[in-house]
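**Q** whatever this is, show me its structure:
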Amino acid sequence: MTAQNTADHERIYQTLTQEILRFEHKPGDLLSEHYLCQRFSLSRTPVRSILQRLQENGLVQIVPRKGSIVTRLDYDIVNQFIYERVAVESMVLRDFILSCSPMDAERVRFVYSQLEALGQTYFTDPGHFDVDRFRETDLSMHEIWFRATNKRFLWERLSSTQSSYTRFCTLDIIEGGNVPDVLRDHAEMLSLIDARSVDGIEALMRRHLYGGIRRMGALAFTKYAGYFEPIEPPSSEKA
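**A** Next up is the predicted model:
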């Protein structure tokens, strides 16, 4: 395979990944080899390789004699991922507040100003609101306190694409209308940093990170029930 082919295949893989994360291919949709071959002018061999990578990252499931199906979100994994983030981020933000330099605090303030500017588009020109940039800017504010406290490995682990959680966050922006809550929560984080106060960090992080569960509420089990794996009852409730 030539370097150009490798670059083209990587571009196609990234294109499909972003389309799945943005729900352009919805959970349960079929991504047929024939469709992908025609769309990208590829033979079946590279298409199968790309689909295999998508499966390895939890975005599709290759079903013999049926095709590649976009995976559904696992609500239990979403809950566990949020639990982990609350536990870790509460400690990291606490460490950051107690040790951050004025320059670190200014970095947080600058990123918050970018987030606020993006959020204003949501209110004034929703047709041009950039969901991806808003989410990336949100994450970049959190990244500052991980990097400033030498927790880069933890950040890379928590911020890497996780099939269910990443899509749940996108769905929360699109359907849960999380922008006002996200702006409010980040403003409170900035206030704690400015005040060098660690009071209420865990409660704030819990409210912030579990916000999607609260906002989506019954939608995950009604309008978007088809996007999620069926939830199994506890073993004690099974017949």
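**Q** let's see the pLDDT reported for the residue nearest in space to the middle of the chain.
**A** The centroid of the chain falls nearest to residue 166 when counting by C-alpha atoms, centre = their mean (2.6 Å). Each residue has a pLDDT score; the one for residue 166 is 93.
**Q** is it true that it touches residue 22?
**A** No - taking contacts as C-beta atoms under 8 Å, residue 166 lies outside contact range of residue 22: 10.3 Å. In short, each C-beta sits where N, CA and C put it, glycine included.
**Q** residue contacts, the residue nearest to residue 52 when sequence neighbours are not counted?
**A** Closest residue in space to residue 52, ignoring its immediate chain neighbours: residue 62 at 7.2 Å, by C-beta to C-beta, 6 or more residues apart in numbering. Going by C-beta atoms under 8 Å, 6 or more residues apart in numbering, residue 62 touches 51-52, 55, 68.
**Q** in strands only, show me those.
**A** residue 68 (DSSP state E).
**Q** show me which of the contacts of residue 62 are buried.
**A** Buried by 16 or more other C-beta atoms under 10 Å: 51, 68, out of the contacts of residue 62.
**Q** list just the nearest of the contacts of residue 62 to residue 186.
**A** Proximity of those to residue 186 (C-beta to C-beta) peaks at residue 55, which lies at 35.0 Å.
**Q** for residue 221, phi and psi?
**A** phi -110, psi 0 (degrees, to the nearest 10).
**Q** alpha carbons of stretch 137-151, as CSV, please.
**A** These are the backbone C-alpha positions of stretch 137-151, laid out as CSV (Å, rounded to 0.1, in the frame of the first residue of the first chain):
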residue,chain,number,x,y,z
THR,A,137,-13.7,23.7,23.9
ASP,A,138,-15.5,22.3,27.0
LEU,A,139,-13.0,19.5,27.2
SER,A,140,-10.0,21.8,26.7
MET,A,141,-11.0,23.8,29.8
HIS,A,142,-10.9,20.6,31.8
GLU,A,143,-7.6,19.6,30.2
ILE,A,144,-5.8,22.6,31.7
TRP,A,145,-6.1,21.4,35.3
PHE,A,146,-5.0,17.9,34.4
ARG,A,147,-1.9,19.1,32.6
ALA,A,148,-1.1,21.7,35.2
THR,A,149,-1.1,18.9,37.9
ASN,A,150,0.9,16.5,35.8
LYS,A,151,-2.0,14.2,35.2
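**Q** thinking again about what came up before, who touches the residue nearest to the centre of the chain in this structure?
**A** Going by C-beta under 8 Å, 6+ apart, the list of residues near residue 166 reads residue 21.
**Q** what helix or strand does it sit in?
**A** helix 163-175 (DSSP states H and E).
**Q** quick check: closest non-adjacent residue to residue 105.
**A** residue 193 (5.4 Å).
**Q** and after the helix or strand bottoming out on mean pLDDT in the chain, which helix or strand comes next?
**A** Ranking every helix and strand in the chain by mean pLDDT, DSSP states H and E puts helix 3-21 at the bottom, with a mean of 88. Counting by DSSP H and E, the next helix or strand C-terminal to helix 3-21 is strand 30-31.
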